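Peer 1: I'd like to go over a predicted model; first the sequence, then the structure.
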Amino acid sequence: MRELRALVERGFFFQHITDDGGEIVVVVGSYGWHGFYDRIHIWGESEAVAARERSDHRPFSGNVVWTVDGTTADVARAVLELPAPGTRGAPTIAKCAPNTLWFPRRATG
């Protein structure tokens, strides 16, 4: 998928999260900016969610300034189109994170 390749080319790091049986539950990509980080959770080809959070050195702290969900291609495209932090149009106001940004209890790193 060209959108995921574009995220890798931008510098996103991807890893998979498995359940106790070793099955992949979700693929997570992340990219750090100064003061923010972007992440995308891919549950399947038709289900993904992404967010930009303020970075306070506590992963998943809930300081989400932007989210989007939809198909993997649409979500990856939205991340690619999101203005860089500090530039015109970049989101800055924190809001509640959607539940889909949290890992299932059975998932292990």
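Peer 2: Received it, and whenever you're ready, just let me know what you need.

Peer 1: what residue ranges in the chain score low on pLDDT?
Peer 2: Judged by pLDDT under 70, the chain has its weakly predicted residues at 57-62, 97-109.

Peer 1: the strands in it, which residues?
Peer 2: Ranges of strands within the chain are 13-18, 24-33, 36-44, 47-54, 64-70, based on DSSP state E.

Peer 1: okay, those strands, which one's buried deepest?
Peer 2: By mean neighbour count, with neighbours taken as mean count of other CB atoms under 10 Å, strand 47-54 ranks first of the strands of the chain at a mean of 21. C-beta here means a position set from N, CA and C on the backbone, and glycine is covered the same way.

Peer 1: now what about that one, what contacts it?
Peer 2: Surrounding strand 47-54, the residues in contact under the criterion CB atoms under 8 Å, 6 or more residues apart in numbering are 35-43, 60-72, 74-76, 78-79, 82, 85, 91, 94, 97-98, 100-101.

Peer 1: tell me how far that strand lies from the chain's centre.
Peer 2: Averaging C-alpha coordinates over strand 47-54 and over its chain gives two centres that are 4 Å apart (CA atoms, centre = their mean, to the nearest Å).

Peer 1: ok, Trp33 to Thr18 distance?
Peer 2: Note on Trp33: its distance to Thr18, by CB to CB, to the nearest Å, is 28 Å.

Peer 1: then Ala78?
Peer 2: Here the criterion is CB to CB. By it, Ala78 lies 26 Å from Thr18.

Peer 1: repeat that for Leu80.
Peer 2: Here the criterion is CB to CB. By it, Leu80 lies 27 Å from Thr18.

Peer 1: try Ala84
Peer 2: Using CB to CB, we find Ala84 at a distance of 32 Å from Thr18.

Peer 1: equivalent analysis for Glu47, please.
Peer 2: 17 Å.

Peer 1: show me what the residue lying closest to Trp43 once chain neighbours are set aside bridges to in the sheet.
Peer 2: Spatially, and ignoring its direct neighbours in sequence, Trp43 is nearest to Val26 (5.5 Å; CB to CB, 6 or more residues apart in numbering). Here Val26 sits in beta bridges with Ile17, going by DSSP bridges.

Peer 1: distance check, Val26 against Gly44.
Peer 2: Taken as CB to CB, the span from Val26 to Gly44 is 9 Å.

Peer 1: I am finished for the moment; much appreciated.
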